[in-house]
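Asker: structure, please.
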Amino acid sequence: MTGTLPPTRFVDVRGTRIRVRESGPPTGEPVLLLHGIGRCLEDWDDQHALLAQHRVVAADLAGFGYSDRLPGRATLERLADAAVATLDALGETRPVHVMGNSLGGAVALLASVRHPDRVATLVLADPAGFGAEVTPALRVLGVPLLGRFLLSRFDERASRRTERSLFVDGALVTDERVRRGLEIGRRPEFARTFLDIATELGTFRGIRPGWRRALLAAAARAPKPTLVVWGERDLILPAAHLRAAARALPHVTTHVFGRVGHMPQIEVPERFAALATAHVAQAPRRTSISSETRAGTA
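Answerer: The predicted structure follows:
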């Protein structure tokens, strides 16, 4: 349903080439779209038309998709900082509505903590960071030597298996998605960045608790209006993590999509966009009420 999309282009972000796709009126409220681990900005293609009233920026995270890798080791903090710096490179200095899927959700939440003046609201789709459980495929890749070996053998069958794990609707496992996944997976930047992030955030036992607890505690101290949505049949990060999100984040709104997998922005794009746009539209009122409450308490 993507129709005709604006072309992608590269922008220089502190000496690193980052690939972006922009759409919508330049004066529209800005939205930044961030994908998951090992993925690319095409995971948000359907949302450009559905968020057409906004200035929409979808970006390949540094070292993923077709973006260049940052010098040195890839970390969650550096991905978040580079995402904000990408907005600077595009001349966008207004607070943005950040929407992130999977790893992109954790990057979005961290960006709101590290750069609070640059983030207006958050929409997190099946985000990482709210529980230890994760698909065994990612736990195995978090073992350094084994992960490097498996990524070196990434082929078309592996790419197709990856796509199948993401969706309930098998029709979304298209040859185009499989080919793109294979092409990206064979880029030299991909394996190094993937392994850096996978080993920082998780182990063979699951997602590490240290960074999760620190991030959620920081986000709770400086909350943004946040919508967290989950696919009921997510095979990557279980929907049970939604309860942890509801407990951890003040004033959070949550929603579960029935019969949907890890990527609701693709599997039920209209329903995702309807919730996201309603959340963004209500955010100024929620922020005002929250500020008045804090002032009254003080």
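
Asker: helix or strand for the residue most central in space within the chain, which one?
Answerer: Nearest residue to the geometric centre of the chain (C-alpha atoms, centre = their mean): residue 104, 1.9 Å. Per DSSP states H and E, residue 104 falls inside helix 103-114.

Asker: swap in residue 31?
Answerer: Using DSSP H and E, residue 31 sits in strand 30-34.

Asker: if we can go back for a sec, now the residue nearest to the centre of the chain: closest residue in space that isn't a chain neighbour?
Answerer: Distances taken as C-beta to C-beta, 6 or more residues apart in numbering place residue 34 nearest to residue 104, at 3.3 Å, with adjacent residues excluded. The way it works is simple: take the backbone N, C-alpha and C, and place the C-beta from them, glycine included.

Asker: so that neighbour sits right up against residue 107, yeah?
Answerer: Yes: in this structure, residue 34 is within contact of residue 107 by C-beta atoms under 8 Å, at 5.3 Å.

Asker: so what's in contact with these two at the same time?
Answerer: The contact sets of residue 34 and residue 107 overlap at 61, 83, 100 (C-beta atoms under 8 Å, 6 or more residues apart in numbering).

Asker: in helices only, show me those.
Answerer: Among these, the residues falling in helices (DSSP state H) are residue 83.

Asker: scan the shared contacts of residue 34 and residue 107 and report the most crowded one.
Answerer: Neighbour counts for these (other C-beta atoms under 10 Å) peak at residue 61, which has 31 neighbours.

Asker: my guess is that one contacts residue 83. True?
Answerer: Yes: using C-beta under 8 Å, residue 61 is in contact with residue 83, at 6.8 Å.

Asker: find residues that contact each of the two.
Answerer: 34, 107.

Asker: sorry, back to before: what's the helix holding residue 104 packed up against?
Answerer: Counting by 3 or more C-beta pairs under 8 Å, 6 or more residues apart in numbering; DSSP states H and E, the packing neighbours recorded for helix 103-114 are strand 30-34, helix 76-89, strand 96-101, strand 119-125, helix 188-201, helix 209-221.

Asker: paired strands for the first one, with orientation please.
Answerer: In other words, strand 30-34. Strand 30-34 has the following strand partners under DSSP bridges: strand 55-59 (parallel), strand 96-101 (parallel).

Asker: one more: the fourth one?
Answerer: Paired with strand 119-125 in the same sheet, following DSSP bridges, are strand 96-101 (parallel), strand 226-231 (parallel).

Asker: give me the contact list for the next helix or strand after the last one.
Answerer: Toward the C-terminal end, the helix or strand that comes next after strand 226-231 (DSSP H and E) is helix 241-248. The contact list for helix 241-248 (C-beta under 8 Å, 6+ apart) reads 124, 127, 130-131, 133, 216, 219-220, 228, 230, 252, 254, 256.

Asker: next SSE downstream of helix 241-248?
Answerer: Remark: after helix 241-248, the chain's next helix or strand is strand 252-257, criterion DSSP H and E.

Asker: ok so, going back, can you flag the buried ones in the contacts of helix 241-248?
Answerer: Among the contacts of helix 241-248, those buried by neighbour count (16 or more other C-beta atoms under 10 Å) are 124, 127, 130-131, 216, 219, 228, 230, 252.
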